[in-house]
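**Q** A predicted structure for the sequence below; I have some questions about it.
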Amino acid sequence: LILKGTMRIHTEKEAIVTRMKFSLPATVLTGGIPIWRKVKEKTKEASIQTECFVRLYERTSLDPSLQIFQNDLDYSFLGEKMAASSVTNLNTLVTKLRNIFPRAVFDDRLTETFGLDVPFAAPGDEIEINCKLIYLYHEAVSSLGPSA
């Protein structure tokens, strides 16, 4: 099984920003001299980072034999086919893997987002669960034979 997917990592960063705010009541009390005061505000910044991956599974193991992340690989082995984009390079690698293992089942369902984002205990848990479910699905379908 050659499984291609996209991992989404949600991060939230909380920061306290100090800014100056005009104080109208204090200005009136001082007879028109503008008074500014410091105000601390909490802000939250949310970001989503995406990274593609490829996993190779053997028929005998629920764990991947090989796992490649988009940003963790030196693509210089692609030679002239190497592009400036790591996503394009990963797609080229997947094409090469599919040519090397023509009988392997290819599944890229995890490159699409699902309708519901379920929060998990740790980042990557949903990917682990979904990869194992897809592996088990293909194992069950292949054991049914050609009539399936």
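**A** Done, it's in.
**Q** Any buried residues in the top helix by length along the chain, and which?
**A** In the chain, assigned by DSSP state H, the helix with the most residues is helix 125-144. For helix 125-144, a neighbour-count test (16 or more other CB atoms under 10 Å) marks 126-127, 131, 134-135, 138 as buried. All C-beta atoms are positioned from the backbone trio N, CA, C, and that covers glycine.
**Q** my read: residue 1 touches residue 138, true?
**A** Yes. With contact defined as CB atoms under 8 Å, residue 1 counts as touching residue 138 (5.5 Å).
**Q** which neighbours do these two share?
**A** 105, 107 (CB atoms under 8 Å, 6 or more residues apart in numbering).
**Q** Name the nearest residue to residue 139, ignoring sequence neighbours.
**A** Leaving aside its chain neighbours, residue 139 sits nearest to residue 59 (7.4 Å; criterion: CB to CB, 6 or more residues apart in numbering).
**Q** quick one: contacts for the nearest residue to residue 57 once chain neighbours are set aside?
**A** Take residue 57 and drop its neighbours on the chain: the residue closest to it by CB to CB, 6+ apart is residue 1, 4.0 Å away. When contacts are counted by CB under 8 Å, 6+ apart, residue 1 touches 55-57, 104-105, 107, 134-135, 138.
**Q** circling back to that earlier point, just list what the longest helix of the chain packs against, helices and strands only.
**A** Packing partners of helix 125-144 (3 or more CB pairs under 8 Å, 6 or more residues apart in numbering; DSSP states H and E): strand 2-22, strand 106-110.
**Q** by contact count, what packs against the last one?
**A** In this structure, strand 106-110 makes packing contacts with strand 2-22, helix 125-144, judged by 3+ CB pairs under 8 Å, 6+ apart.
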